[in-house]
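Colleague: this is a predicted model, with the sequence first.
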Amino acid sequence: MSAVRTTRTVLAAALVAGLTATALATPALAAAPVKRDHAATQQALQAAVDAGVPGVVAQARDGRSAWTGTAGERKGKDRYRVGSITKTFAATVLLQLQAEGRLDLDDPVEKWLPGVVRGNGHDGRRITVRQLLNHTSGVYSVTSDPGFQAKIFGPGFLEHRYDRWTPRQLVDIAMTHAPDFAPGTDWNYSNTNYVLAGMVIEKVTGRPYGKAVENRIIKPLKLRATSVPGTDVRMPKPSSPAWSTLSEDPGAQVHDVSELSPTLAYAAGEMISDSNDLQTFYRALLKGRLLPKAEMKEMTTTVPVSPELPGTGYGLGLMKQKLSCGKEIWGHGGGIHGSSSEAQATRDGGHSLAMNFNADWTGDSAAVLEAEFCGVTPKR
């Protein structure tokens, strides 16, 4: 539900590769137009196609200036599955609910989902909603389960692509394993955390979590290309195919995996959008239009993810990373079958980029980010 190179890790490695509705505040004044040369970004897109990605699309905004680049079979207005970028939408909803006094992120998960997080050392009484959102819960990730992987990420996908999964089924699979660590003692990316987050939203609001996303984010921001598909396996148009090898072997046969049951990802990664809408969302979020200042401060309070990535931290459904030029960007990556995406922006929301590869076995999204935000030309 990130830009990764194998389908077996596509939902779990998003960070190391790369709403009553809350009233929208008056948007900040836009910065003066900036003329930016996107030649390096276009070269990075072409390099991905040269490396075997069938199609790439990226859009960037800087102040009032906008640019769209494509290479291969992707088109500028293509919609695509955004994978783990869904997590930022879900976290935003929960922070809005806290701002309204309908829950507290320091509530134990057990308060909202009694008896759900139990088994093999898991205990929802000791895990907070906040720990779900920043991946410090220790809850085992369902996408690491070998049986689930065999059905969902390997050749078994072709037989099981339309299977419907309930959120409880996904959590129950995770509960057959021991936790990764005691709550609050470490960090590990777990898709189960956001399956549970979606379930909490449903318990608090009494409606599907996707309705909260629609009413609180999609409709107020007029994100016309963005949807929470639920059980609809189809891709809306315009779109181009999503391709996967369904194997760790990059030379394996390529399959069209455009259609699949979004229930396999749920609130951890089911949403569909395009590059324009994703930028609108992250820019509005970072400019303070979706959350009060207190909740925005909580969202951007990060925990370290790895000693090997000192400039990278994970907040509440939002990641920060430092690029080679020292520039800091905020956003999320997302990968799901045949689709690898990034949506990133500077902290003030002034400069943003959203992109997608329609493949999950090759391509360097980090090179695109370095090109756009730092002007680094890809090495040949």
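Modeller: Noted; the coordinates are in hand. Numbers count the residues shown, from 1 in each chain.

Colleague: in the chain, where is pLDDT below threshold?
Modeller: Applying pLDDT under 70 to the chain flags residues 1-35.

Colleague: middle-most residue in it, spatially?
Modeller: residue 85 (1.8 Å; C-alpha atoms, centre = their mean).

Colleague: wait, doesn't that residue sit right on residue 270?
Modeller: No. In this structure residue 85 lies outside contact range of residue 270 using C-beta atoms under 8 Å: 10.5 Å. Just so you know, the C-beta spots here come from the backbone N, C-alpha and C atoms, and that holds for glycine as well.

Colleague: hang on, the residue nearest to the centre of the chain in a helix?
Modeller: Yes. Residue 85: assigned to a helix according to DSSP: H, G, I helix; E, B strand; the rest coil.

Colleague: for it, give me its contacts.
Modeller: When the contact criterion is C-beta atoms under 8 Å, 6 or more residues apart in numbering, the partners of residue 85 are 1, 269, 271, 273, 278, 331-334, 341, 343.

Colleague: quick one: secondary structure of the residue lying closest to it once chain neighbours are set aside?
Modeller: Excluding the flanking residues, the one nearest residue 85 by C-beta to C-beta, 6 or more residues apart in numbering is residue 334, at 3.8 Å. With three-state DSSP as the basis, residue 334 sits in strand.

Colleague: surely residue 334 and residue 83 touch.
Modeller: Yes. With contact defined as C-beta under 8 Å, residue 334 reaches residue 83; the gap is 3.2 Å.

Colleague: burial of the residue lying closest to residue 237 once chain neighbours are set aside, as a residue count?
Modeller: Ranked by C-beta to C-beta, 6+ apart and with sequence neighbours excluded, the top spatial neighbour of residue 237 is residue 79, at 7.6 Å. Residue 79 has 20 neighbours, counted by other C-beta atoms under 10 Å.

Colleague: now residue 79: how far from residue 340?
Modeller: 15 Å (C-beta to C-beta, to the nearest Å).

Colleague: for residue 133, same thing?
Modeller: 23 Å.

Colleague: again, but for residue 307
Modeller: 26 Å.

Colleague: higher neighbour count, these two?
Modeller: Taking other C-beta under 10 Å, residue 307 and residue 340 do not tie; residue 340 has more neighbours (35 against 6).

Colleague: is that one bridged to anything, and to what?
Modeller: residue 335, residue 357 (DSSP bridges).

Colleague: wait, what's in contact with residue 266?
Modeller: 165, 167, 170, 194-195, 198.

Colleague: which pair in those spans the largest distance?
Modeller: Greatest spatial distance in the contacts of residue 266: 165 and 194, 14.0 Å, computed using C-beta to C-beta.

Colleague: these two: which is more packed in?
Modeller: Taking neighbours as other C-beta under 10 Å, residue 165 and residue 194 compare with residue 194 leading, 27 against 21.

Colleague: now the more buried one, what's its secondary structure?
Modeller: helix.

Colleague: all strands of this protein, in order?
Modeller: 55-62, 65-72, 80-81, 118-119, 122-123, 243-244, 255-256, 272-273, 303-304, 313-314, 319-322, 328-336, 339-346, 351-357 (DSSP state E).

Colleague: nearest to residue 215, out of those?
Modeller: strand 272-273 (16.6 Å).

Colleague: contact partners of that closest one?
Modeller: Counting by C-beta under 8 Å, 6+ apart, 79-82, 85, 223, 225-227, 229, 235-236, 281 sit against strand 272-273.

Colleague: make CSV out of those and add distance to residue 322.
Modeller: Output for the contacts of strand 272-273, formatted as CSV (distance: C-beta to C-beta, whole Å):
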residue, distance to residue 322
79, 31
80, 27
81, 28
82, 23
85, 20
223, 29
225, 30
226, 28
227, 33
229, 34
235, 34
236, 36
281, 22
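
Colleague: got a winner among the residues you listed for most neighbours?
Modeller: In terms of neighbours by other C-beta under 10 Å, the contacts of strand 272-273 top out with residue 82 at 33 neighbours.

Colleague: so how far is residue 342 from it?
Modeller: For residue 82, the distance to residue 342 - C-beta to C-beta - is 10 Å.

Colleague: who touches both of the two?
Modeller: Between them, residue 82 and residue 342 share the contacting residues residue 334, judged by C-beta under 8 Å, 6+ apart.

Colleague: thinking again about what came up before, ok, the residue nearest to the centre of the chain to residue 317 distance?
Modeller: 9 Å.

Colleague: shared neighbours, the two?
Modeller: residue 332.

Colleague: these two touch, right, residue 243 and residue 340?
Modeller: No. Residue 243 lies out of contact with residue 340 (C-beta under 8 Å); the separation is 10.8 Å.

Colleague: which residues do those two both contact?
Modeller: Common neighbours of residue 243 and residue 340 (C-beta under 8 Å, 6+ apart) are 359-360.

Colleague: who's in contact with the spatially closest residue to residue 214 that is not a sequence neighbour?
Modeller: Counting by C-beta to C-beta, 6+ apart, residue 228 is the residue found nearest to residue 214 once chain neighbours are left out, at 6.4 Å. When contacts are counted by C-beta under 8 Å, 6+ apart, residue 228 touches 209-210, 213-214, 218, 270-271.

Colleague: just those residues: which are in helices?
Modeller: Mapping the contacts of residue 228 onto helices (DSSP state H) picks out 209-210, 213.

Colleague: return the member of these nearest to residue 356.
Modeller: residue 213 (19.6 Å).

Colleague: what's the local residue count around the closest one?
Modeller: Around residue 213 there are 25 other residues, counting by other C-beta under 10 Å.

Colleague: before we move on, what about residue 159?
Modeller: The number of residues near residue 159, taken as other C-beta under 10 Å, comes to 9.
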